[in-house]
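S.K.: below are the sequence and a predicted model for it; my questions follow.
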Amino acid sequence: MLSGKRILLIIGGGIAAYKSLDLIRRLRERGAAVTPVLTKAAEQFVTPLSVAALAGQNVHRDLFDLTQEAEMGHIQLSRVADLLVVAPATADLMAKMATGRADDLASTLLLATDTPVLIAPAMNVRMWDHPATQRNLATLRGDGVAVSGPNEGDMACGEYGPGRMSEPLEIVAAIEARLGDGPLKGRRIVVTSGPTHEPIDPVRYIANRSSGAQGTAIARALSALGAEVIFVTGPAQVPPPEGVAVTRVETAGEMREAALGALPADTVVCAAAVADWRMAEEATSKIKKTKGGLPVLTFAENPDILAEISQLEAGRPSLVVGFAAETDDVEANATAKRARKGCDWIVANDVSPATGIMGGTENAVTLITAGGAESWPRMGKDQVAARLAARIAEALQNG
Ligand code: C5P
């Protein structure tokens, strides 16, 4: 339910704008108040009259409405809402948002606000796939903008692919996830995820087989319970979850800086498979193959982010969760690791090649806490994430 929630709905100029009329109805059915804003282009697709009638409110259309301007109308308008929703979010609106332009009412509202924003992109598949749009999307995600869709399918322009706006009920679900009073509402949680790449020279690096799937699922599950999630990810094979603030890093050193920089937090979950070693000295130019000689690589130890956060004297998060990927004696090794690192919980799993866990879709974990070890049955990584998120919510509530 969304009763009492105030949604500022910015309707962009795309054919999908007709679905926004239904979105207004669905939101109002659930008790939300919808204040509509139409861009000039949107007025070519839906009429202000139909939008106003469905919303039961005036439609805002012009930045230079003098009465409103005297009262700083556009600033007020963007700040009284609980959520700004842009649907459809056209390529142009996304570009304006990503670059901070403010040349009409919609873009000014989006720049003038510190209220959370959710966008539902809709555009031609080539516009969506264009590197410029993908760059803007990454920027917006990094700014903490939540994204619903787009869906894949037939498009009004006759092409097929991703670019269709999410269906109104999907957007409603994304809005509910963003505004819902989940048990982690008001909690700030940092999640590290994915592998790290440690450069040997400008073209080579050391890496590991982590896909980032489990860390991504955990970030998504925590966000779904209402947490503000800061997702610090190495070069992963899966896209980051929607609606979380994403910081992309390459090396362990960068990951450490981003994770520490994201503190204070209530909880940190270190799900990243951080490389243990880096080159003592990264070669500045490509190491050449020379006759009769092999290069000698000298390693240096990487910072242990989990141990460092667990042992912070000031500002230690109240719950620090680490992972232990083991191939033998999982429980004993993980229990020892918990003590050595000083974290509160360790999620241990057996990553022997025969289990197919690393890079796979399932996981079988043992949760090690101060109270002992608890083995969970083998299940999907999403389910492991949901269960862990629920346990974190419970622990923060009780602690
Ligand atoms: O020491 P090991 O790599 O087995 O420990 C795994 C746990 O420690 C994971 O939670 C991982 O994210 C974290 N870790 C870290 N920084 C490192 C190495 C591991 O945060 N340099």
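M.R.: Happy to help now that I have it.

S.K.: what about residue 269, which helix or strand?
M.R.: Take DSSP states H and E as the rule and residue 269 turns out to sit in strand 267-270.

S.K.: tell me what that strand is packed against?
M.R.: strand 188-193, helix 213-224, helix 305-310, strand 319-326, helix 381-398 (3 or more CB pairs under 8 Å, 6 or more residues apart in numbering; DSSP states H and E). Every C-beta, even on glycine, is put in place using the N, C-alpha and C of the backbone.

S.K.: is the ligand within reach of the fourth one?
M.R.: Yes - using CB under 6 Å from any ligand atom as the criterion, contacts between strand 319-326 and the ligand involve 322-324.

S.K.: quick revisit: run through who's touching the strand holding residue 269.
M.R.: Outside strand 267-270, the residues within contact range by CB atoms under 8 Å, 6 or more residues apart in numbering are 187, 189-192, 215, 218, 222, 259, 305-306, 309, 317-323, 343, 388, 392, 396.

S.K.: cool, stretch 299-306 as well?
M.R.: 192, 196, 198, 252-253, 255-256, 259-260, 270, 272, 274-280, 320, 322, 341, 343.

S.K.: how long is that stretch from one end to the other?
M.R.: Using CA to CA, to the nearest Å, the end-to-end distance of stretch 299-306 comes out at 20 Å.

S.K.: list the buried residues of that stretch.
M.R.: For stretch 299-306, burial by neighbour count (16 or more other CB atoms under 10 Å) applies to 302, 304-306.

S.K.: out of those residues, which touch the ligand?
M.R.: Within the buried residues of stretch 299-306, those near the ligand by CB under 6 Å from any ligand atom are 302, 304-306.

S.K.: in CSV, list these along with pLDDT and distance to residue 63.
M.R.: Formatted as CSV, these follow (pLDDT from 0 to 100; distance: CB to CB, whole Å):
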residue, pLDDT, distance to residue 63
302, 98, 50
304, 98, 51
305, 98, 45
306, 98, 49
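
S.K.: out of the residues of strand 319-326 next to the ligand, who's nearest residue 172?
M.R.: residue 323 (34.3 Å; CB to CB).

S.K.: for that closest one, give me its contacts.
M.R.: Contacts for residue 323 (CB under 8 Å, 6+ apart) come out as 214, 270-271, 273, 346-349.

S.K.: same check on residue 5?
M.R.: Counting by CB under 8 Å, 6+ apart, residue 5 touches 31-33, 82-83, 179.

S.K.: got it, and residue 91?
M.R.: Counting by CB under 8 Å, 6+ apart, residue 91 has contacts 121, 123, 127-128, 130, 133, 136.

S.K.: how does it look with 6 Å?
M.R.: 123, 127, 133 (CB atoms under 6 Å, 6 or more residues apart in numbering).

S.K.: now swap in residue 94 and tell me
M.R.: Neighbour list for residue 94: residue 136 [criterion: CB under 6 Å, 6+ apart].

S.K.: roughly how far apart are the closest residue to the ligand within the stretch 1-150 of the chain and residue 209?
M.R.: Per CB to the nearest ligand atom, residue 142 is where the stretch 1-150 of the chain lies closest to the ligand, at 21.4 Å. Residue 142 is 26 Å from residue 209, where distance means CB to CB, to the nearest Å.

S.K.: and what of residue 56?
M.R.: 54 Å.

S.K.: near the ligand, which residues of the stretch 151-300 of the chain show up?
M.R.: Going by CB under 6 Å from any ligand atom, the residues of the stretch 151-300 of the chain near the ligand are 192, 252, 270, 272, 274.

S.K.: ok, and the most crowded of these?
M.R.: When those are compared by neighbour count (other CB atoms under 10 Å), residue 192 ends up highest, at 32 neighbours.
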